[in-house]
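In: coords please:
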Amino acid sequence: MNQLLSVTKADGTKELFDDGKLAASLKRSGASEQAIDEITDQIEHEMWDGMTTADIYSHAFSMLRKYHASTAIKYSIRRALLELGPDGFPFEKFVARIFQLWGYETLTDQTLPGTCISHEMDVVAWKGEELSMVEAKFHNEQALGSDVKIALYVKARFDDLSENLFDFGGQPRKLSPVGRWLITNTKFSAPAIAYSECKGTKLVGWNYPNKNNLHQIIEQNGLHPVNCLNSLTHQEKKNIIGQDVLTCIDVIGKPDILRKAGVRPEIIEKVLTEAQFIVEQAK
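Out: Predicted coordinates:
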């Protein structure tokens with residue numbers, strides 16, 4: 001193929017198409033070598049200069065689903081999380097949705113007083129006597145990750161907040177020793193993991209820890225981002241997220257959400273069917 005073809009990324013910038021990146025993302029999702037070769041060959045044959053990464057992903061997903069539905073859905077989850085940007089606020093709300101599923105009450109984007117300075121905290125979650133705080137680190141590229149500098153400053157912020165009392169849920173609470181979280185949609189560096197494990201910061205990334213990592217939490221609890229839905233346009237997905245509806249499971253059985261997002265009446269049933277398929281395939 002013509003190696004000078006460019007792709008348009010989510011932030012509008014362009015870069016040369018690299019079939020190796022596409023192949024690597026498919027491999028990480030568990031696709032077979034045969035599926036990877038056939039999908040990348042087909043996309044190389046059909047792509048055009050300036051094709052968006054979203055279009056490439058959508059096309060790859062539709063072909064991958066022919067080989068193995070559950071693998072395709074895992075691929076779609078990872079890409080969907082990358083599209084919860086560019087500012088990261090939807091990702092904070094998505095993380096809050098996870099804590100709600102775990103039985104917590106939550107607030108996002110809170111400014112809290114520390115001993116020395118105030119801190120902006122992405123998610124605050126509480127239940128019973130426990131008060132948790134979460135730094136939700138969003139990246140819009142799979143290759144980007146959270147390094148030890150991020151782990152260091154997050155630990156320092158938790159230390160500054162740890163001596164204060166906060167009024168959440170109608171009672172004074174201190175930040176719980178087990179309630180200090182750093183969650184990302186991509187990965188952590190080895191030093192970040194070593195430091196955080198040593199200092200008691202709980203880490204959750206796409207593939208970390210081995211058990212109860214982010215993609216497992218999503219799949220096991222049916223919390224697939226609405227960006228997984230191929231039957232929606234990019235603008236319709238943005239409109240749904242703008243209503244603070246982040247997951248497919250929250251869309252199922254709620255056609256009013258889709259109508260308010262501008263989804264055409266003749267498409268609504270297709271969207272609901274796809275959302276149900278995605279959630280059921282992960283069970």
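
In: would you map the strands across this protein?
Out: 6-8, 14-16, 51-52, 105-113, 118-127, 130-137, 145-146, 166-168, 171-173, 180-184, 187-188, 202-204 (DSSP state E).

In: out of those strands, which is closest to Ile267?
Out: In terms of CB to CB, the element of these nearest to Ile267 is strand 51-52, at 20.6 Å. C-beta: built from backbone N, CA, C; applies to glycine.

In: what average pLDDT does the closest one get?
Out: Within the predicted structure, the mean pLDDT of strand 51-52 is 85.

In: ok, and what's touching that strand?
Out: Among residues not part of strand 51-52, those counted as contacts by CB atoms under 8 Å, 6 or more residues apart in numbering are 5, 7-10, 17.

In: spatially central residue for the chain, please.
Out: For the chain, the residue nearest the mean C-alpha position is Leu81 (3.0 Å; CA atoms, centre = their mean).

In: ok, now how distant is that residue from Met121?
Out: Shown here: Leu81 relative to Met121, a distance of 21 Å by CB to CB, to the nearest Å.

In: Val154 too?
Out: 10 Å.

In: overlap of the contact sets of the two?
Out: Taking CB under 8 Å, 6+ apart as the contact definition, Val154 and Met121 share the neighbouring residues Glu135.

In: which sections of this protein are below the confidence cut-off?
Out: Regions of the chain meeting the criterion pLDDT under 70 cover residues 1-3, 10-11, 28-29, 67-72, 86-87, 281-283.

In: test my guess that Leu64 contacts Tyr75.
Out: Yes. Because the distance of 5.8 Å satisfies CB atoms under 8 Å, Leu64 is recorded as touching Tyr75.

In: which residues touch the closest residue to Gly88 other than its chain neighbours?
Out: Residue nearest to Gly88 in three dimensions, not counting chain neighbours: Phe138, with 3.4 Å by CB to CB, 6 or more residues apart in numbering. When contacts are counted by CB under 8 Å, 6+ apart, Phe138 touches 84-85, 88, 91-92, 184-185.

In: so what's the backbone phi/psi at Phe138?
Out: phi -100, psi 140 (degrees, to the nearest 10).

In: wait, Leu101 sits on Gly222?
Out: No. Using CB under 8 Å, Leu101 and Gly222 do not qualify as a contacting pair, with a distance of 9.1 Å.

In: neighbour count winner among the two?
Out: Using other CB atoms under 10 Å as the criterion, Leu101 and Gly222 rank with Gly222 on top: 18 against 14.

In: from Cys248, how far off is that one?
Out: For Gly222, the distance to Cys248 under the criterion CB to CB works out to 7 Å.

In: next one: Asn207
Out: Separation of Asn207 from Cys248 (CB to CB) stands at 22 Å.

In: with neighbour numbers in mind, choose between these two.
Out: Each of Asn207 and Cys248 has its neighbours counted (other CB under 10 Å); Cys248 has more, 26 against 14.

In: which residues does stretch 57-69 contact?
Out: 22, 26, 29-32, 35, 38-39, 42-43, 46, 71-73, 75-76, 79, 230, 277, 281.

In: and for stretch 264-271?
Out: Contact partners of stretch 264-271, identified using CB under 8 Å, 6+ apart, comprise 229, 231-232, 251, 255, 258-259, 263.

In: can I get the CA coordinates of stretch 133-146 in PDB?
Out: Backbone C-alpha positions of stretch 133-146 (Å, rounded to 0.1, in the frame of the first residue of the first chain) are rendered in PDB as follows:
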ATOM      1  CA  MET A 133     -10.700   9.400  46.700                       C
ATOM      2  CA  VAL A 134      -9.700   8.700  43.100                       C
ATOM      3  CA  GLU A 135      -7.300  10.300  40.700                       C
ATOM      4  CA  ALA A 136      -8.600   9.200  37.300                       C
ATOM      5  CA  LYS A 137      -5.800   9.600  34.800                       C
ATOM      6  CA  PHE A 138      -7.100   9.600  31.200                       C
ATOM      7  CA  HIS A 139      -5.000   9.100  28.000                       C
ATOM      8  CA  ASN A 140      -6.300   9.200  24.500                       C
ATOM      9  CA  GLU A 141      -3.500   7.100  23.100                       C
ATOM     10  CA  GLN A 142      -2.900   3.400  24.000                       C
ATOM     11  CA  ALA A 143       0.900   4.000  24.000                       C
ATOM     12  CA  LEU A 144       0.700   6.600  26.700                       C
ATOM     13  CA  GLY A 145       0.700   5.600  30.400                       C
ATOM     14  CA  SER A 146       1.100   6.800  33.900                       C
END
